[in-house]
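Chemist: Only the shape, not the letters, is given here:
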């Protein structure tokens, strides 16, 4: 895949950045992505360049991708301590620090319609409630970006229904959080938590039979080399949340706060648009290597029914208020 022209232009402007020595403030922007063609990565590059340029060098943004400063846990800890100022991360990677992010672990909670989804995540009662929770924990909310919906991939076994998974006792790699384990247990799989950097090797060595990630991650990690089938389950949204150390943000003068806010807003528009545009391209690229199984409505309903109890699990962990706020926002946003 080619770099989007906007992001490529932003990269080319790197040579004009004002040296770090001239900066009044430093913003370390750290994340675990290393695929420069991914819409999320391109958005982070855009943020870096726009903040440096519009602050006229008063903020030096130090972009640290690819887990250079640690994984999700280490980055969240560093951001809360103020050693790292800006951490864009998946909600599943941050749920241990922000329990309310468990709302994103409810299977089939979010609509796949991009325009509606964007409004729910960035302009709803649910968003406002989350922003308050984050501020109370020392974090400035910097909007949600769209990482895509998780899809199931497998080797050797075609999956159309939960019975295909249970009947073949498929070992499915899951992220290291209890909600993912519970989801795939409910479907009938043998869920196996494995760190993301170790996943390709685990698939290659047949430690697990399958995994679940959005199209972009399947491509960037080349999982298609060690998997045969992709089933379009679209069961969980991989929401990427921008989190900024609140003390650092509050220390900025008003004009620089506006620069940061505008950069995040501009990158939101860019990222959501690019993610939507690239979806078809990503699917076509995967189809060159794997067989894609599109579920019928009846088959999809079987997955919904199997995973319905997870909402009760989430309610038990974070309470009814946050889940009800999410559900009412989903119902009210058209």
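Modeler: That came in fine, so what should we check first? Not measured: the values here are computed from a predicted model.
Chemist: what helix or strand does the closest residue to residue 265 other than its chain neighbours sit in?
Modeler: Spatially, and ignoring its direct neighbours in sequence, residue 265 is nearest to residue 143 (7.1 Å; C-beta to C-beta, 6 or more residues apart in numbering). For glycine as for every other residue, the C-beta is placed from the backbone atoms N, C-alpha and C. Counting by DSSP states H and E, the element that carries residue 143 is strand 139-149.
Chemist: Contact partners for residue 232?
Modeler: The contact partners of residue 232, taken as C-beta atoms under 8 Å, 6 or more residues apart in numbering, are 151, 292, 293, 294, 295.
Chemist: show me where the stretch 201-334 of the chain has strands.
Modeler: For the stretch 201-334 of the chain, the strands defined by DSSP state E, counting those that start in this stretch cover 210-213, 229-231, 237-245, 291-293.
Chemist: which stretch among these comes nearest residue 67?
Modeler: With C-beta to C-beta as the criterion, residue 67 lies closest to strand 237-245 of those, at 15.0 Å.
Chemist: In its sheet, which strands sit next to that closest one, and in what direction?
Modeler: strand 86-90 (antiparallel), strand 139-149 (antiparallel) (DSSP bridges).
Chemist: So which bits of stretch 92-101 are buried?
Modeler: 92, 93, 94, 95, 97, 98, 100, 101 (16 or more other C-beta atoms under 10 Å).
Chemist: quick one: which two of these are the most distant?
Modeler: 93 and 100, at 14.3 Å, using C-beta to C-beta across the buried residues of stretch 92-101.
Chemist: Can you check which helix is longest in this protein?
Modeler: helix 254-287 (DSSP state H).
Chemist: That one - contacts with which helices or strands?
Modeler: Counting contacts by 3 or more C-beta pairs under 8 Å, 6 or more residues apart in numbering; DSSP states H and E, helix 254-287 is packed against helix 5-12, helix 39-54, strand 59-64, helix 114-122, strand 139-149, helix 215-220.
Chemist: Just checking: what are the partner strands of the helix or strand following the fifth one?
Modeler: If you walk from strand 139-149 toward the C-terminus, the next helix or strand you reach (DSSP H and E) is strand 151-154. Under the criterion DSSP bridges, strand 151-154 sits next to strand 210-213 (antiparallel), strand 229-231 (antiparallel) in its sheet.
Chemist: In CSV: those strands, plus mean pLDDT.
Modeler: Shown next, in CSV, are the strands paired with strand 151-154 (pLDDT from 0 to 100):
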stretch, mean pLDDT
strand 210-213, 97
strand 229-231, 98
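Chemist: Which of the helices and strands packed on helix 254-287 comes out lowest on mean pLDDT?
Modeler: With a mean of 48, helix 5-12 has the lowest mean pLDDT of the helices and strands packed on helix 254-287.
Chemist: and after it, which helix or strand comes next?
Modeler: strand 25-30.
Chemist: Excluding its own residues, what touches that next one? List them.
Modeler: Contacts of strand 25-30 (C-beta under 8 Å, 6+ apart): 20, 44, 47-48, 51, 58-65, 68-70, 75, 78, 83-88, 248, 251-252, 256, 260.
Chemist: Looks like residue 180 contacts residue 174 (just checking).
Modeler: Yes - applying C-beta atoms under 8 Å as the test, residue 180 and residue 174 come out as touching, 3.8 Å apart.
Chemist: Between the two, which contacts overlap?
Modeler: Common neighbours of residue 180 and residue 174 (C-beta under 8 Å, 6+ apart) are 191, 193.
Chemist: In terms of pLDDT, where does the residue nearest to residue 294 when sequence neighbours are not counted sit?
Modeler: Excluding the flanking residues, the one nearest residue 294 by C-beta to C-beta, 6+ apart is residue 232, at 5.1 Å. Residue 232 is assigned 97 on the pLDDT scale.
Chemist: again, but for the one 3 residues further on
Modeler: The predicted local confidence for residue 235 comes out at a pLDDT of 97.
Chemist: Enumerate every residue touching it.
Modeler: 107, 108, 149, 150, 152, 183, 212, 303, 307.
Chemist: Over to residue 291?
Modeler: 158, 228, 229, 230.
Chemist: number of nearby residues for residue 323?
Modeler: Around residue 323 there are 21 other residues, counting by other C-beta atoms under 10 Å.
Chemist: now swap in residue 288 and tell me
Modeler: 7.
Chemist: what's the distance between it and residue 148?
Modeler: According to C-beta to C-beta, to the nearest Å, residue 288 and residue 148 sit 18 Å apart.
Chemist: how about the nearest residue to residue 203, chain neighbours excluded?
Modeler: Looking at residue 203 with C-beta to C-beta, 6+ apart, the closest residue is residue 226, at 4.2 Å.
Chemist: Residue 142 and residue 245 touch, don't they?
Modeler: No - in this structure residue 142 lies outside contact range of residue 245 using C-beta under 8 Å: 10.9 Å.
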